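Student: pasting the sequence and the predicted model now:
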Amino acid sequence: MAAQELLELTGFPSLVKQTSIRILRKEIRKRPEMREAGNIIRDFLEDRISTQIISEEMAKYLADRFDEQELRQLKAILDTSTGRKMFTSFETLPTDDRVRKASYLDLFDEQEKKEFQTFYRLTVFQRFSDYTSMLLRIGMQSFQEQFKLQEKDFVKELVLQPREQQPKP
């Protein structure tokens with residue numbers, strides 16, 4: 001499926017997973033009683049949250065909005081250094097509001113600016129930029145749904161098992 005291939009090239013599913021884990025750990029650090037659990041939670045989530053499931057959900061969204069030819073056009077953009085620069089970090093993603101700001105071009109050297117301006121004239125690129133924020137929200141939702149499904153196992157493994165392993169007085 002072309003949508004899955006595009007997501008593999010962008011790394012969006014992994015980006016969503018890592019960002020979600022980072023956000024959770026940041027929230028945990030705000031609670032003194034939970035600070036020590038940050039690394040344990042990160043390891044648990046790294047192990048249990050599937051980027052494949054995140055990717056599948058995001059691919060469905062893309063496949064509903066772009067045909068195979070458009071997805072190939074987007075892949076061609078990603079095959080350029082400018083495309084890789086735009087699509088591999090949250091800070092450089094060409095979201096609909098970001099690409100309309102003149103400061104966005106400051107991210108690129110002169111050659112990349114020319115490539116970006118060429119891409120920006122493409123309808124498929126503009127549409128993808130319009131959908132990027134929702135695509136990432138779908139990835140975050142997938143992460144949250146997986147996390148909710150794992151909560152019982154998380155509590156069991158991290159809270160109950162250590163208590164069960166302690167010697168009884």
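Tutor: Happy to help now that I have it.
Student: in the longest helix anywhere in the chain, what's buried?
Tutor: Counting residues, the longest helix in the chain under DSSP state H turns out to be helix 123-155. Of the residues in helix 123-155, 124-125, 128-129, 131-132, 135-136, 138-140, 142-143, 146-147, 150 count as buried by neighbour count, 16 or more other CB atoms under 10 Å. C-betas here are computed from N, CA, C, even on glycine.
Student: also stretch 89-107?
Tutor: Neighbour-count burial for stretch 89-107 [16+ other CB under 10 Å]: 92-95, 98-99, 104, 107.
Student: so what's residue 23 scoring on pLDDT?
Tutor: Residue 23 is assigned 88 on the pLDDT scale.
Student: quick one: the helices in the chain?
Tutor: Under DSSP H, the chain gives helices at 2-10, 12-29, 38-48, 51-65, 68-78, 81-87, 110-120, 123-155, 161-165.
Student: comparing the ones you listed by mean pLDDT, which bottoms out?
Tutor: helix 161-165 (a mean of 52).
Student: now find how far off-centre the longest helix of the chain is within its chain.
Tutor: Centroid separation for helix 123-155 versus its chain: 7 Å, with CA atoms, centre = their mean, to the nearest Å.
Student: just the angle between it and helix 51-65, please?
Tutor: 150 degrees (axes from the mean of the first three to the mean of the last three CA atoms, to 10 degrees).
Student: against which helices or strands is helix 123-155 packed?
Tutor: Taking 3 or more CB pairs under 8 Å, 6 or more residues apart in numbering; DSSP states H and E as contact, the helices and strands that helix 123-155 lies on are helix 12-29, helix 38-48, helix 51-65, helix 68-78.
Student: the longest one: which residues count as buried?
Tutor: Within helix 12-29, the residues scored as buried using 16+ other CB under 10 Å are 12-18, 20-21, 24-25, 28.
Student: that one vs helix 51-65, what angle?
Tutor: Using the same axes, to 10 degrees: helix 12-29 against helix 51-65 is 120 degrees.
Student: and helix 12-29, what does it pack onto?
Tutor: Packed next to helix 12-29, using 3+ CB pairs under 8 Å, 6+ apart, are helix 38-48, helix 51-65, helix 123-155.
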